[in-house]
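Visitor: need coordinates for the below:
(chains A and B)
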Amino acid sequence: MTTESKLMSMREAMAQHVPSGSMVLLGAQLEQMIPFAAGHELIRQGRRDLTLVGPISDILFDQMIGAGCASRVMAAWVGNVSAGVGYCFRRAVERNIPRRLEVVDYSNFTLALALQAGAMGVPFMPTYATLGSDLLKKNGNLREFSSPVSEETLVAVRALRPDVAILHVQRADALGNAHLWGSVGVAVDGARASRKIIVIAEEIVEPAIISSDPNRTLIPGFLVSAVVHEPGGAHPSPVQGYSGRDHAFFEEYHERSRRLEDFEEWLSHWVLHVTDRHEYWRQLGPARTDPLAVKEHAFSAPADFGY
Amino acid sequence: MQQLKTVTHRSETPNISRPYTFSELMVAAAAREISDGEVVFVGMRLPMLAFLVARRTHAPRAVGLFENGIVRENPSTKLLYTMGDPPNILGATQCGQMLDVMGLLQQGRVNVGFLGAAEIDRFGNLNTTWGHRNNEMQRLPGSGGACDIACLARRTVVLLKHDHGRLTDRVGHITSPGFGTGGDWRRSHSLPPATGPSAVITTLGVLRFGRDGEAYLASVHPGVSVEEVLANTGWTLRVADELVETKPPTEDEIRVMRELDPNHFWTR
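Guide: All right, here's what the predicted structure looks like:
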């Protein structure tokens, strides 16, 4: 086990670990801690033919699809959670703009089971979910089978092993041991199912802080390939204890992605002509970022690990 | 203070034809689908309000589950845009994984799940994958957890706007199965027993389902005629012999809703 720091810049992490053609897990914690900064860096680096995997990923999937990074999406829901549909997703599916997009429709549960099967190292997990639905008919990774131990028909959900999971967390040490709390979603199985993990953290802390509360370590560092210190990297999604949700940003994106020309302008303004997250943050400005800061801290009671 | 004034104003003038909005009526009707002590897959927007109303009125021991893994006994009193909003995590009973709550759902331990839909048909099948406008197919966001809830919850309650385009004879795509084509369709598709659609709460009335799996009109909202409901439904909707009027929200129910949503953000 290495004891060398895995800290690197966002640019390096994306360049080294997420080549074109990768299957990438993003947005494992649903509406919280979506790795927007990583997605924007992949757009700037011109990734192509990515397979995007995640339960929802809110508007990050829509942006990456609109920027032409993806050729396939495996998800339960693609859109704008608080504002409605994803217009780039619609343009890609309905009119191949900017390129053709294959959609593999899951439900939340079956996507979570696909990652769990990957995490467990087995070919599938069984479920009753999706029986009778058109998801089952159209998604080749969902197959009916007869239970070998009971008189029942179930659905086998084929294991997914993403090439890389990109996870935004509250804090990690330089080896990638990561504390994550609040909205967990499919992060634990998603991380273990993936061949590589990139941890993006609000704070880099000493290993002793992580090991002081091992139940909160949802990602063990020995599985992690890279650690990026990127405070604010999840904006406009929230990070419990660090930042609120910028609801207006989602609403504005909804309006400005409706027409292709407006989306291209949006993308140029917020992604392509921004060098990194620091500049993005400056561009947001304090009038926008100050209200997102935590106004009232709510610390949990310490747990005694002594003996 | 402003909230109190609004409520006082409204309760002092009960003769105004609609002192509550249609959405508030839907929320109250949805809240009454939750019995005390039940486990509820909550969802967002109106169902979130319905869960809060139920907890604060007739169902103080109801438990709420959210797909991101959250278990909540005390609902947040902040206006939420998504289930992952920080106020929905602060004060939660448990923040687990998605599979923790989905496992409870699959075991049959979720009594009622709430869903919205772009389209529903006469057997309660839901479509949130493909819409159409002017003969062009429109790609919609997809299932999320809706298919899971429709397959596995004991009772599914659907909330949607009542119009001809949304209440259609057959949905073009079954994202979330109801009673399929009726009869023993759910059993023949191996779905767990004693699950399926229970009520459809629309802007005009409440639909329920017969033993054959077909929907019928069970109640109309105050001020709405049966003809209006039938004219806005895409198939020949059966009407209950003992059709009733939907009970309007009580003052208690309205007070809870407006405490959370004083400016009618969700309950326009």
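Visitor: which other residues reach stretch B:110-117?
Guide: By Cβ atoms under 8 Å, 6 or more residues apart in numbering or on different chains, the surrounding residues in contact with stretch B:110-117 are B:30, B:33-35, B:38-43, B:45-47, B:50, B:65, B:104-105, B:126-128, B:146, B:149-150, B:152-160, B:166, B:176, B:198. For glycine as for every other residue, the C-beta is placed from the backbone atoms N, C-alpha and C.
Visitor: which ones, among those residues, also lie beside chain A?
Guide: Checking the contacts of stretch B:110-117 against chain A by Cβ under 8 Å from any Cβ of the partner chain, the ones in range are B:Leu105, B:Ala146, B:Ala150, B:Leu152, B:Ser176.
Visitor: okay but A:Arg256 is in contact with A:Phe263, surely?
Guide: Yes - in this structure, A:Arg256 is within contact of A:Phe263 by Cβ atoms under 8 Å, at 6.6 Å.
Visitor: for the two, work out which one has more neighbours and name it.
Guide: Comparing A:Arg256 with A:Phe263 by neighbour count (other Cβ atoms under 10 Å in any protein chain shown), the higher total belongs to A:Phe263, at 22 against 17.
Visitor: how about the contacts made by the more buried one?
Guide: A:Gly66, A:Tyr87, A:Cys88, A:Arg256, A:Ser257.
Visitor: please repeat the previous calculation with a cut-off of 10 Å.
Guide: A:Asp62, A:Gln63, A:Gly66, A:Ala67, A:Tyr87, A:Cys88, A:Arg91, A:Ile97, A:Pro98, A:Tyr253, A:Arg256, A:Ser257 (Cβ atoms under 10 Å, 6 or more residues apart in numbering or on different chains).
Visitor: same list, those residues, but as JSON lines with distance to chain B and secondary structure please.
Guide: Converted to JSON lines, the contacts of A:Phe263 look like this (distance: Cβ to the nearest Cβ, whole Å; DSSP: H, G, I helix; E, B strand; the rest coil):
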{"residue": "A:Asp62", "distance to chain B": "10", "secondary structure": "helix"}
{"residue": "A:Gln63", "distance to chain B": "15", "secondary structure": "helix"}
{"residue": "A:Gly66", "distance to chain B": "14", "secondary structure": "helix"}
{"residue": "A:Ala67", "distance to chain B": "18", "secondary structure": "coil"}
{"residue": "A:Tyr87", "distance to chain B": "10", "secondary structure": "helix"}
{"residue": "A:Cys88", "distance to chain B": "11", "secondary structure": "helix"}
{"residue": "A:Arg91", "distance to chain B": "9", "secondary structure": "helix"}
{"residue": "A:Ile97", "distance to chain B": "12", "secondary structure": "coil"}
{"residue": "A:Pro98", "distance to chain B": "15", "secondary structure": "coil"}
{"residue": "A:Tyr253", "distance to chain B": "13", "secondary structure": "helix"}
{"residue": "A:Arg256", "distance to chain B": "18", "secondary structure": "helix"}
{"residue": "A:Ser257", "distance to chain B": "14", "secondary structure": "coil"}
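Visitor: and the residues you listed, which is closest to A:Ala159?
Guide: For the contacts of A:Phe263, the closest approach to A:Ala159 (Cβ to Cβ) belongs to A:Asp62, at 26.8 Å.
Visitor: number of residues surrounding the nearest residue to that closest one once chain neighbours are set aside?
Guide: Counting by Cβ to Cβ, 6 or more residues apart in numbering or on different chains, A:Asp62 lies nearest to A:Gly86, which is 3.6 Å off, once chain neighbours are set aside. Each residue near A:Gly86 was counted by other Cβ under 10 Å, and the total is 29.
Visitor: just checking, A:Gly86 touches A:Tyr253?
Guide: Yes - applying Cβ atoms under 10 Å, one finds A:Gly86 in contact with A:Tyr253, separated by 9.4 Å.
Visitor: elements contacting whichever strand or helix holds B:Leu104?
Guide: Assessed by DSSP states H and E, B:Leu104 sits inside helix B:98-107. Secondary-structure packing of helix B:98-107 (3 or more Cβ pairs under 10 Å, 6 or more residues apart in numbering or on different chains; DSSP states H and E): helix A:108-120, strand A:124-127, helix A:187-193, strand B:39-41, strand B:63-65, strand B:70-72, helix B:146-152.
Visitor: most neighbours per residue, which of those?
Guide: Per-stretch averages of neighbours, counted by mean count of other Cβ atoms under 10 Å in any protein chain shown, single out helix B:146-152 among these, with a mean of 30.
Visitor: B:Leu52 looks like it's in a strand, true?
Guide: No - with DSSP: H, G, I helix; E, B strand; the rest coil as the criterion, B:Leu52 is assigned helix and is not in a strand.
Visitor: count of residues packed around it?
Guide: 24.
Visitor: what's the closest non-adjacent residue to it?
Guide: Excluding the flanking residues, the one nearest B:Leu52 by Cβ to Cβ, 6+ apart is B:Pro75, at 4.4 Å.
Visitor: and that neighbour, what does it touch?
Guide: If a contact means Cβ under 10 Å, 6+ apart, then B:Pro75 has B:42, B:48-49, B:51-56, B:62, B:64, B:88, B:91-92, B:256, B:260 as its contacts.
Visitor: distance of it from A:Val164?
Guide: Distance of B:Pro75 to A:Val164, given as Cβ to Cβ, to the nearest Å: 37 Å.
Visitor: buried set for the helix holding B:Leu104?
Guide: Using 16 or more other Cβ atoms under 10 Å in any protein chain shown as the test for burial, helix B:98-107 gives B:Met98, B:Leu99, B:Asp100, B:Val101, B:Met102, B:Leu104, B:Leu105, B:Gln106.
Visitor: check stretch B:123-132 too.
Guide: Counting neighbours by 16+ other Cβ under 10 Å, stretch B:123-132 gives B:Phe123, B:Gly124, B:Asn125, B:Leu126, B:Asn127, B:Thr128, B:Thr129, B:Trp130, B:Gly131 as buried.
Visitor: check stretch A:40-58 too.
Guide: A:40-44, A:47, A:50-58.
Visitor: over to stretch B:224-237?
Guide: For stretch B:224-237, a neighbour-count test (16+ other Cβ under 10 Å) marks B:Val224, B:Val229, B:Asn232, B:Thr233, B:Gly234, B:Trp235, B:Leu237 as buried.
Visitor: so which of those sit within helices?
Guide: B:Val229 (DSSP state H).
Visitor: report the two of the buried residues of stretch B:224-237 separated the most.
Guide: B:Val224 and B:Trp235 (18.4 Å).
Visitor: all helices of chain B, in order?
Guide: So, for chain B - with DSSP H - the helices run B:2-12, B:22-31, B:46-56, B:86-89, B:98-107, B:146-152, B:185-188, B:226-231, B:251-260.
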